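[1] here are the coordinates; sequence isn't available:
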């Protein structure tokens, strides 16, 4: 398992990268940084149904056993310039703090109420089988497939100001607004499955 920390890679003692891979990683380290990353030239927009009134929801208590991990995760999101504090918002949603296998905390917005007020524009996504069939046209069948796993994938999508207000979260530390699409708790996502959300997080 490898992790990009600051301006270097943290690699377990059981792993060793070939020189060529180390060179490639160093040359493209900005691509692996959790700072300043994100989709360029595109901004996400959430559209509300007509005549919808804002909803302000209270924060939820955090178990004392999780307070330190929760605080650490909020500080991480602030340092990464994903969240920023605000003093007022017409829209707020509570959060769900989900313990991860590695002991850290996943901060997820509970956007169930917001989701019910989002105007759903259906968009057909490619079928995996169709994509494989396209790659195998003219009798040429690829023998190697690769996957790019984006870290905190939803955070790669920047939001316009109006959409960012809709995703404001109410926490024990106050109100936070996200510059990017924020994590959602399973089944409470503001992005419909027809748009590609299945709420699966690493």
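    Happy to help now that I have it. Source: prediction; values computed, not measured.

[2] check which helices and strands the longest helix anywhere in the chain sits against.
    Taking DSSP state H as the criterion, the chain has its longest helix at helix 67-79. If you count contacts as 3 or more Cβ pairs under 8 Å, 6 or more residues apart in numbering; DSSP states H and E, helix 67-79 packs onto strand 83-86, strand 95-99, strand 105-109, strand 174-178. C-beta coordinates here come from the backbone N, C-alpha and C atoms, glycine included.

[3] any idea of the mean pLDDT for the second one?
    This points to strand 95-99. Average pLDDT, strand 95-99: 87.

[4] neighbouring contacts of it?
    Applying Cβ atoms under 8 Å, 6 or more residues apart in numbering, the contact partners of strand 95-99 are 59-60, 62, 66, 69-70, 73, 105-110, 169-171, 185, 188.

[5] wait, residue 176 touches residue 89, no?
    No. Contact criterion Cβ atoms under 8 Å: residue 176 and residue 89 do not qualify, at 9.4 Å.

[6] residues that sit against both of the two, list them.
    residue 168.

[7] these two: which is more packed in?
    residue 176 (24 against 19; other Cβ atoms under 10 Å).

[8] please name the nearest non-neighbouring residue to that one.
    Leaving aside its sequence neighbours, residue 176 sits nearest to residue 83 (Cβ to Cβ, 6 or more residues apart in numbering; 4.4 Å).

[9] burial of the one you found, as a residue count?
    Other residues close to residue 83 by other Cβ under 10 Å number 25.

[10] who does it bridge with?
    Beta bridges link residue 83 to residue 178 when assigned by DSSP bridges.

[11] against residue 94, how distant is it?
    Distance of residue 83 to residue 94, computed by Cβ to Cβ, to the nearest Å: 15 Å.

[12] now residue 22
    Where residue 94 is concerned, residue 22 sits at a distance of 44 Å (Cβ to Cβ).
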